[in-house]
Each structure stands twice: as C-alpha cells, then as structure tokens.
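Visitor: please work out how this folds:
(2 chains)
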Amino acid sequence: METIKRRYVIPGDVITTGSCRPEQNVYQDGDRIISTSVGISEIYDNAVRVIPLSGMYMPKNNDLVIGKVIGHSSLSWEFDINSCFVGFLPAQDVFGRDYSPTKDELKARLDKGDLVVVRIANFDRSRDPLLTIQDRDLGKIESGELIKIAPSKVPRLIGKRGSMIQTIEMATKAMITIGQNGWIVVSCEDPVGLLKAIEAVKMVDAQAHTPNLTERVKSMLGVELGENNDTINE
Amino acid sequence: MTQLMNENGIRCDGRKIDQLRSVSLKVGVLKNADGSAYIEFGKNKILAGVFGPRDVHPKHMADQDTGILRCRYHMSPFSVTERKSPAPSRREIEISKVIKEALQPAVILKDFPRTVTDVFIEVLQADGGSRCAALDAASVALADAGIPMRDLVAACAAGKVANQIVLDVNDEEDKEGQADMPVAYMPNLSKITLMQLDGILTPTEYKTCLETAIGGCKQVYEIQKKALMEKYFENGGQQ
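Guide: Sure, this is the predicted structure:
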C-alpha cells in the first residue's frame, strides 16, 4: 500500500507539482496543486487534498447535525446549524401531513433555543438546507452539555471505526451525541464523568492534528494503554 | 523641514533604504470573530476581524451565484494626534474599497452563494502605510476564518525619499517625500492585487520602486506564514 504523505500547509502553499488529482480544499494552477486552507495536506493514490483546521460547516445530504432553533414562521422552524446557511425544518415533518397552521402551535413542540438532533434531508447550492427529524435517534435534546468544536475535527473525535468516541464513552459512562457540524452534546449522570468527557472532547479539538492522540486521551482518562477495557480510574 | 536621509543613506527613523520597519503579527486574537489578526507594523497598530460566510443583510445585496466580500476600514478617534471624527471619511471609504478589491482576487467564495464575508479593520494607532498593514492583517484573518483563498495577500509600500527609492515609507517620509507606492501581492502566484502611486517617478524609478515593494511584500509574507503556523501548529510547522 502506498504511504500517505502529510504536511502542514497554509493558503497558497504549493503541495505538489505534476499530474495529480485535486480533491478537497486545493486547486490546480498549471501543473501546481495549491492549498486553499490552513490544514494538513495529504497525497495518496495520486490524489491531493487538504484537511482544514478552520472554517465553517458545509452541509451535506444525510449528515446528522445538532441544530438550535432560532425562530419559526407559520410553516417551518429555522435552525442555526453552525453553517453559513440557515436550516429549515417544515412543520409537516413534526406534526404529520394533516398539519394546519390554524390548529397546531409550533411553539408547543419546539421553541427558540431548543437543541435538536436533525438530519439534512436535502441541500444544494440553490436553496437552504432542508432538515428532518423523521428517523431513529433524531429529535429534541432534553438534557446535556453543549460543546462546540471545529467541524473539520469531528472525524478525529469519532476516530477509526469509532475508537476514540468509544474510549471516551466507556471511560466516563457518558452519552455523547456528535453532530457533523461540530456541535457535541455530552450527558452523564455522574458529574465527575461529565467533566472528564468534556475535557476529553476539548483535548481532541485542541490536539486533533497531532499523532498518537488516542493514547494521550486514554492516559488522561486513566484508561490503561493498549487495552480496550471499560474500567474507570476513580 | 526635517532631514529625511543623512549622507550615509540612513533614514529619519534610523533604517537603511531597503529595510522594513519591525513587524509583529498575531492570529486569533478576538474570541467572537470567526477569524482575526492583530498587526504592529512599525508604530501602526491594527486589528482585523472577519465574520462569515453568513446571511446577507440587506437581502438585496445577496448574489445567487456566489458569496460577496465586504470590507470596512476605520480609524479610531485616538489613532492620530488630533482627534479624528469616528464617522467614515472620504479617505476611509476609499481605503475600504481598495482593500476589498485587493482581497477579492485571493478569496474563493463561489461555494458560498447568498452569503457575505465581512472584514472589519480598526486602526488603533496610525503611522504611514496603514492600508498595507491593514491588508496584511485582513488577509491572515481571512485565512484564520477558514475562507478558501488562492494565496495570502502580502502588502508593503515603497517610495521616493530624498531622490532615493526606499522600502516601506513611514508617516514622515510619506508626508515630506516625493512619492509613495503601496503594493499588495500574492507571492505564490506572483500577482499584484493592489498598486497605487502618489507622486512622480521616472520609468526607471517606477520599475525599481515596484521591485522594491514586491521584495518588501515577500518579507511580510514570511511573517504572515510564521504567524499562521504558530497559531495552528504549536511547533511552528515542524512535523
């Protein structure tokens, strides 16, 4: 297998020259491939991309995100989804097809400031993202602590096959809901576990670009290294 | 009138003709902005904050095909020796426009239709060449906000003082000197995004002046690069 070449880059840095396929956050200028963001460049299988370390969330169809209600009209709610676009959740999605603006009160279900786990049902550049809560595990969040991290660091928080998030959840007995938009809700009955889980999430956010992060998170949480266990170090 | 240059070619502030003022740049200084930077360029002290991409208000300004860029350059009432009215002056409106036009070729906003990216620049202390220093800070703040950019924009002025082409004119040289030429440049693409000239130069002097300014831009670029690397990669980019 070909090794992946990684490098820290800023906008304008030439990552490579020659025939390579430009992917995310890069552009081609003649035979040069140039970064457009601050981040880590990767060259693999003749393709070049940059994993950004800053920037907003760009909605994608089927992404699970956490949104905050910022208002409503008579037909839909508006959500802040940590993006440059406002998300729309149609009232019919919540009340069903027989929704009537005269009969049903939107405020009764979701009010300003509520946090909701939603899925992006449809998004393209011509209209604002359409949201849905018609699925398992979607809907209003009743309790928990909201943490905001950079959206580009969400894959690092999840880890390979969910290894990082499993480690944190097992060690702290916390329930962590991750939105692809970088909003995370942590809930835990034990306040000590809650604080530890929050600290771990913030640690991943701050050190996402460094190697061996899972090991460091494990040692911070007091989990024995190289062992996938569920014991807690009190 | 003060002497702008002595017989040894040393300028009024003790610099050589091809020497930049001391520059320090810090990225991510404002918590509430999406991206920010603070620059000290000689005695200039300038803060830049970037918001967006975000919803456009007023709505009629929105472009369905691409995002738009807005820029506001403002001098604080205490930035100059005599109180300046905080209302935008003719000069500030002009500088806001040229800074916007200098940043426009660098940013890629086609992925953010119907949005705006706002750049706010506040001059806390002014000392000649503030538009260049403001551009340097704004460009780094845009990168900090994660706005896709073709290249960073580095800016620096050159001018003619005591019949010599000098790099980075200060306030005194700007007022008393013969010419002042601010230049903004994208170093990796070798493209100029801003060039103004106040004064009279011969064609040869013009060429030398432009080359001197571009040389200054390249020096500033290294400082911008270092500042960004320091913020995002603690070890300064060494992997």
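
Visitor: what residues does chain A have near chain B?
Guide: Proximity of chain A to chain B, by CB under 8 Å from any CB of the partner chain, involves residues A:6-8, A:10-14, A:25, A:27, A:29, A:34, A:36-39, A:52-56, A:58, A:84-86, A:125-126, A:209. Where C-beta positions appear, they are placed from N, C-alpha and C, glycine not excepted.

Visitor: go ahead and build a PyMOL selection from the buried members of the residues you listed.
Guide: Of the residues of chain A next to chain B, the buried ones can be selected in PyMOL as follows, counting by 16 or more other CB atoms under 10 Å in any protein chain shown:
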select buried, chain A and resi 7+8+10+11+12+13+25+34+36+37+38+39+52+53+54+55+56+58+84+85+86+209
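
Visitor: so which bits of stretch A:207-220 are buried?
Guide: So for stretch A:207-220, counting by 16+ other CB under 10 Å, buried means A:207, A:208, A:209, A:213, A:214, A:216, A:217, A:218.

Visitor: avg pLDDT for that stretch?
Guide: Taken as a whole, stretch A:207-220 carries a mean pLDDT of 84.

Visitor: tell me which residues are up against that stretch.
Guide: Residues outside stretch A:207-220 that contact it (CB atoms under 8 Å, 6 or more residues apart in numbering or on different chains): A:8, A:40, A:53, A:150, A:152-153, A:156-157, A:159, A:163-164, A:167-168, A:171, A:199-200, A:203-204, A:224-225, B:232-233.

Visitor: distance of residue B:128 from chain A?
Guide: Here residue B:128 is placed at a distance of 27 Å from chain A (CB to the nearest CB, to the nearest Å).

Visitor: surely that residue touches residue B:176?
Guide: No - in this structure, residue B:128 is not within contact of residue B:176 by CB atoms under 8 Å, at 10.7 Å.

Visitor: neighbour-wise, which of those two wins?
Guide: Taking neighbours as other CB atoms under 10 Å in any protein chain shown, residue B:128 and residue B:176 compare with residue B:128 leading, 24 against 15.

Visitor: tell me the contacts of that one?
Guide: Counting by CB under 8 Å, 6+ apart, residue B:128 touches B:42, B:44, B:169, B:170, B:171, B:172, B:173, B:174, B:175.

Visitor: and the longest helix for chain B?
Guide: Scanning chain B for the longest helix, with DSSP state H as the assignment, gives helix B:203-232.

Visitor: that should have said chain A, apologies.
Guide: If you go by DSSP H, chain A has its longest helix at helix A:191-206.

Visitor: in which helix or strand does residue 15 reside?
Guide: By default, I'm working from chain A. strand A:14-17 (DSSP states H and E).

Visitor: chain B, not that one
Guide: Using DSSP H and E, residue B:15 maps to neither a helix nor a strand.

Visitor: excluding chain neighbours, what is closest to the spatially most central residue of chain A?
Guide: Geometric centre of chain A, nearest residue: residue A:180, 2.4 Å, by CA atoms, centre = their mean. Of all residues not flanking residue A:180 in the chain, residue A:63 sits nearest, at 4.2 Å (CB to CB, 6 or more residues apart in numbering or on different chains).

Visitor: list phi and psi for that neighbour.
Guide: In terms of degrees, to the nearest 10, the main-chain angles of residue A:63 are phi -70, psi 140.

Visitor: ok so, going back, and the gap between the residue nearest to the centre of chain A and residue A:144?
Guide: According to CB to CB, to the nearest Å, residue A:180 and residue A:144 sit 17 Å apart.

Visitor: and residue 172, how many neighbours?
Guide: You didn't say which chain, so I picked chain A. With other CB under 10 Å as criterion, residue A:172 counts 25.

Visitor: meant chain B actually
Guide: 16.

Visitor: what pLDDT, on average, does the helix or strand where it lies get?
Guide: Assigned by DSSP H and E, residue B:172 belongs to helix B:171-176. Here helix B:171-176 scores 91 as its mean pLDDT.

Visitor: which residues are contacting that helix?
Guide: With CB under 8 Å, 6+ apart, helix B:171-176 has contacts from B:1-2, B:4, B:11-13, B:43, B:126-129, B:159, B:161, B:166, B:180.

Visitor: can you list the domains in chain A?
Guide: A:5-52, A:64-140, A:145-221 (automatic domain parsing).

Visitor: gap between the next helix or strand after the strand holding residue A:15 and the chain center?
Guide: Scanning forward in sequence from strand A:14-17 by DSSP H and E, the next helix or strand is strand A:21-22. Computed by CA atoms, centre = their mean, to the nearest Å, the chain-centroid distance of strand A:21-22 equals 25 Å.

Visitor: alpha carbons of the next helix-or-strand element following strand A:21-22, as CSV, please.
Guide: Per DSSP H and E, the first helix or strand lying C-terminal to strand A:21-22 is strand A:26-29. Extracted as CSV, the C-alpha positions of strand A:26-29 are listed here (Å, rounded to 0.1, in the frame of the first residue of the first chain):
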residue,chain,number,x,y,z
VAL,A,26,-7.0,22.5,-3.2
TYR,A,27,-6.9,24.0,-6.7
GLN,A,28,-4.8,23.5,-9.8
ASP,A,29,-2.7,26.3,-11.2
